[in-house]
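[1] Provided below are the primary sequence and the corresponding predicted coordinates.
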Amino acid sequence: MSQGSNFVDYVKICCRSGKGGAGSAHLHRDVLTSMGGPDGGDGGRGGHIIVKGSIHIWTLLHLKYRKHIIAEDGGAGGSSHKSGKQGKDEILEVPLGTIARDAETGEVLFEITKDGETKILTAGGRGGLGNAHFKSPTQQTPRFAQPGEQGQEVWNILELKVLADVGLVGFPNAGKSTLLSVVSAAKPEIADYPFTTIVPNLGIVSYRGGKSFVMADIPGIIEGASQGKGLGYRFLRHIERNSVLLFMVPADTSRSIKEEYEILKRELESYNSELMQKPHVLAITKSDMLDEELMAEMKQDLPKIPAIFISSVAEKNILELKDMLWKAIEG
């Protein structure tokens, strides 16, 4: 499978929860009792469709071809106050950062952010009450019971937004994947052509004192991405969940460093202005080709944010970059 086909961050599924079981209208009978009172049990609850967070899953690929999720119906109540069997729940494991929406209204239902966290996506129908519940002084042998509640059938959207401490933002070939491969054990595809990275990649970056943080390599942005150009806004949504944005501009850019940073910032602002509230750090990549004099000259025209000259290949200033990022994360 190709890199792109393995990563699925959006699925639309039809969820049908289980119907509640009917209550029993049974009247007690045994060898010694010919006309006993009501002893009908309650029906079982229909199965829920539940979403559960898992740190072992990073894509929604396993749900791509499951368009219809159907939970089990509850069992009917029995005699001697026996409750019906509860319908089996359908549990959908999803990556952390998954948002559930109503497909018709677009309303956000919930978000999964922790391992093992569970939320009910579609609730099963309640079981009907048995006739024992309806006994009264004026009606001592009710011969009726409640039917089970119908389950729900709704279309839902599950959408993944990658959760990370640091998100890498830059044009194609800015050196984002190379940096991720140097500072973490992640092995993103690296080549000298644009759009090598077509899906987000995550890596755990080791830091001083046994600490670590998560870094996300977001596919390259181009001018006009917020209007759908290039890979468009499909992957811009992943940047929303990153605590710190590391802007990466290569030293050999045809524009000025400041101009390229402003274009990147403008694209993010057009997509979601709240991204401007996050801490920004600037890394000028491929700086092993620069001498001290040229770097000093370039520093005069950098934007007013924390900035550092790095080289992933030569591992120049990588530890200092980690220090800057950690400081921004701790805020």
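    Yep, it's here. Just so you know, these numbers come straight off a predicted model, no measurement behind them.

[2] need the strands for the chain, in chain order.
    Here the chain has its strands, by DSSP state E, at 10-16, 49-53, 68-70, 90-94, 98-102, 108-112, 118-122, 153-160, 164-169, 201-206, 212-217, 242-250, 280-285, 307-309.

[3] contact partners of the longest one?
    Spelled out, that is strand 242-250. 162, 164-171, 173-176, 179, 215-216, 239, 257, 260-261, 264-265, 268, 275, 278-286, 325, 328-329 (C-beta atoms under 8 Å, 6 or more residues apart in numbering). Every residue, glycine included, has its C-beta placed from N, CA and C.

[4] Among the strands of the chain, pick out the one with the most neighbours on average.
    strand 164-169 (a mean of 25; mean count of other C-beta atoms under 10 Å).

[5] quick one: strands adjacent to it?
    Strand pairing for strand 164-169, using DSSP bridges, gives strand 212-217 (parallel), strand 242-250 (parallel).

[6] Include distance to Ser206 and mean pLDDT when you put these into CSV, please.
    Putting these into CSV (distance: least, C-beta to C-beta, whole Å; pLDDT from 0 to 100) gives the following:
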stretch, distance to Ser206, mean pLDDT
strand 212-217, 5, 86
strand 242-250, 17, 91
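
[7] Minimum distance to Ser34: which of these has it?
    Among the strands paired with strand 164-169, strand 212-217 comes nearest to Ser34, with 71.5 Å by C-beta to C-beta.

[8] Give me the contacts around the closest one.
    Under the contact criterion C-beta under 8 Å, 6+ apart, strand 212-217 has outside partners 162-168, 176-177, 179-180, 183-184, 186, 188, 197, 200-207, 238, 242, 246, 325-326, 329.

[9] Tell me the pLDDT of the residue nearest the centre of the chain.
    By C-alpha atoms, centre = their mean, the chain has its centre lying nearest to Thr98, at 2.1 Å. If you check Thr98, the pLDDT there is 93.

[10] go on, Ile190?
    Here, the pLDDT recorded for Ile190 equals 45.

[11] Residue ranges in the stretch 201-331 of the chain under the pLDDT threshold?
    Residue ranges of the stretch 201-331 of the chain with pLDDT under 70: 220-236.

[12] would you list every one of the helices in it?
    Using DSSP state H, counting those that start in this stretch, the helices of the stretch 201-331 of the chain run over 236-239, 257-271, 292-299, 318-330.
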